[in-house]
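>>> just coords:
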């Protein structure tokens, strides 16, 4: 397991390096978590005499404490599934059934304050169109477009529409931007070869963008330092090719069903998918590594077929793909943090290499510890059921030599235009964008000065709470209260049952 991690986990880092300037400087992607981390780091190093900096640090600390304590308070009411404020039917029980509710997540509130308005509106609109219109409409076709006796998680039913439409839209948008950048690179390179003395706007890591009078001095300094400490493009390409060659030769010996030509195809398309994931993460702070992993299951599992170990080949390919695209988005987050803190991109890259190497050892070791300590690990109903393991296994089983959907008329073309947004049950981000908009209208100066500090405090406080909550879970300490919400009719039945 450790060997598998080492031969697949570094490819994503090398694949995203040549495009770091495109995403950070040219596209100016926000990477909310990276931005929040940068604000937290900068707050520790502000000049002692800067009044605004002192106020920003005070505001950050205040909302950091509030977010952390809010996480502690919520924990006491989560004694079971569907308990707590995260399941609060704020818009009513019927809306809650369709995944419309405010889950009181401080992280999503902070992300909504950092992301541009267009992203927040897109997330909110995508949730309304999908969970409010599209999925309920398709659900009414149960028994016509797909069998009525299927489980909710079955890819033969409604879940199949969600997965495939999501993958198509995410890939379409990401690949469009990837090929747009690639075409600009090739056009600028062709122009530069013809006119060697001409100024090129080639957006690559080895060349800085022309300065504009509209860009602030701070941004110009950040951009200059970010591209000054170069990571040569030839180094990243050579590193990717070398690791890919080693991995292609090694993986078939670990998973015999995963043939070398399957791996080669994955590595040919992986840089484009890594860019798509890093680009999407920069917009919304959501890494969709699991989505690209599902795509690998679909393609490789169907290619191998049930008779040639398609289940295991698909699952192994999923692990390879998820490692590549997730590390690419993680490194992009770190690049954003380094950009805002005036840190060396080269040092960020080396640090990520070290952290990835540590993870290749620690992660399998932790899994082995759980595997030995809990004999029923992964079993439904156990303390650690690992539900996603069952989901991915079922997906791989469905792929092997089968059609994924039940009928040839299942996907009307008229539905393809509807935007689908992953995690659309969380519309906190879209709603908070409206609050920030009102704040800017009332007092734009204060909103610009303290908005990032408020958002960073909310994100960091909620994130820090995950550490003690994980320790409590490992120690077997459970929350004492379950807070659930029932309809009046259901509540009457429960009262009658308890009184009998």
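Now that the structure is in, tell me what you want to look at. Worth saying up front: this structure is predicted, and the values here are computed from it rather than measured.

>>> how much space between residue 31 and residue 117?
For residue 31, the distance to residue 117 (CB to CB, to the nearest Å) stands at 17 Å. The way it works is simple: take the backbone N, C-alpha and C, and place the C-beta from them, glycine included.

>>> The two - which one has more neighbours?
Neighbour tally, residue 31 and residue 117, criterion other CB atoms under 10 Å: the higher count belongs to residue 31, 28 against 14.

>>> Mean confidence (pLDDT) on whichever strand or helix holds residue 320, please.
In the assignment (DSSP states H and E), residue 320 maps to helix 310-340. Here helix 310-340 scores 89 as its mean pLDDT.

>>> Just list what the helix or strand just after it packs against, helices and strands only.
As assigned by DSSP H and E, the chain's next helix or strand after helix 310-340 is helix 345-373. Helix 345-373 is packed against helix 2-8, helix 11-16, helix 310-340, with contacts defined by 3 or more CB pairs under 8 Å, 6 or more residues apart in numbering; DSSP states H and E.

>>> What ranges does the stretch 101-250 of the chain have for its helices?
106-114, 117-127, 135-139, 158-194, 217-228, 233-254 (DSSP state H, counting those that start in this stretch).

>>> Would you tell me which one of those helices is buried the most?
Most buried of the helices of the stretch 101-250 of the chain by mean neighbour count (mean count of other CB atoms under 10 Å) is helix 106-114; its value is a mean of 27.

>>> Show me the shaky parts of the stretch 151-300 of the chain.
The model of the stretch 151-300 of the chain has pLDDT under 70 over residues 153, 155, 167, 170-171, 174-175, 177-178, 181-182, 184-186, 188-217.

>>> what's the burial count for residue 490?
So residue 490, with other CB under 10 Å, has 11 neighbours.

>>> Report the secondary structure element holding it.
Counting by DSSP H and E, residue 490 is found in helix 488-499.

>>> So for that helix, mean pLDDT?
83.

>>> For that helix, give me every contacting residue.
By CB atoms under 8 Å, 6 or more residues apart in numbering, the surrounding residues in contact with helix 488-499 are residue 486.

>>> what would the helices of the stretch 101-250 of the chain look like in TSV with distance to residue 365?
Putting those into TSV (distance: least, CB to CB, whole Å) gives the following:
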stretch	distance to residue 365
helix 106-114	28
helix 117-127	37
helix 135-139	40
helix 158-194	32
helix 217-228	35
helix 233-254	18
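
>>> how about these, which one is nearest residue 54?
Evaluated with CB to CB, these place helix 217-228 nearest to residue 54, the distance being 18.6 Å.

>>> What is that closest one packed up against?
Here helix 217-228 touches helix 310-340, going by 3+ CB pairs under 8 Å, 6+ apart.

>>> Between helix 345-373 and the helix it packs on, find me the angle.
Here helix 310-340 points in a direction 140 degrees away from that of helix 345-373 (axes from the mean of the first three to the mean of the last three CA atoms, to 10 degrees).

>>> Okay, angle between helix 310-340 and helix 217-228 too, please.
Using the same axes, to 10 degrees: helix 310-340 against helix 217-228 is 130 degrees.

>>> Helix 310-340 to helix 233-254, inter-axis angle?
With the same axes, to 10 degrees applied, the angle from helix 310-340 to helix 233-254 works out at 150 degrees.

>>> in helix 310-340, what's buried?
Neighbour counts over helix 310-340 (16 or more other CB atoms under 10 Å) mark 310-340 as buried.

>>> do stretch 299-312 as well
Buried, per 16+ other CB under 10 Å, within stretch 299-312: 299-304, 309-312.

>>> Let me have those residues in TSV, extended by distance to residue 291.
What follows is the buried residues of stretch 299-312, written out as TSV (distance: CB to CB, whole Å):
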residue	distance to residue 291
299	13
300	15
301	15
302	17
303	19
304	21
309	24
310	20
311	20
312	21
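
>>> which one of these is nearest residue 440?
Among the buried residues of stretch 299-312, residue 299 lies closest to residue 440 (CB to CB), at 44.9 Å.

>>> Name all residues that make contact with that closest one.
The neighbourhood of residue 299, defined by CB under 8 Å, 6+ apart, consists of residue 317.

>>> Measure how buried residue 265 is and give me the count.
Counted with other CB under 10 Å, residues neighbouring residue 265 total 16.

>>> Give me the secondary structure label for it.
helix (DSSP: H, G, I helix; E, B strand; the rest coil).

>>> For residue 454, see how far away it is.
46 Å.

>>> now swap in residue 67 and tell me
10 Å.
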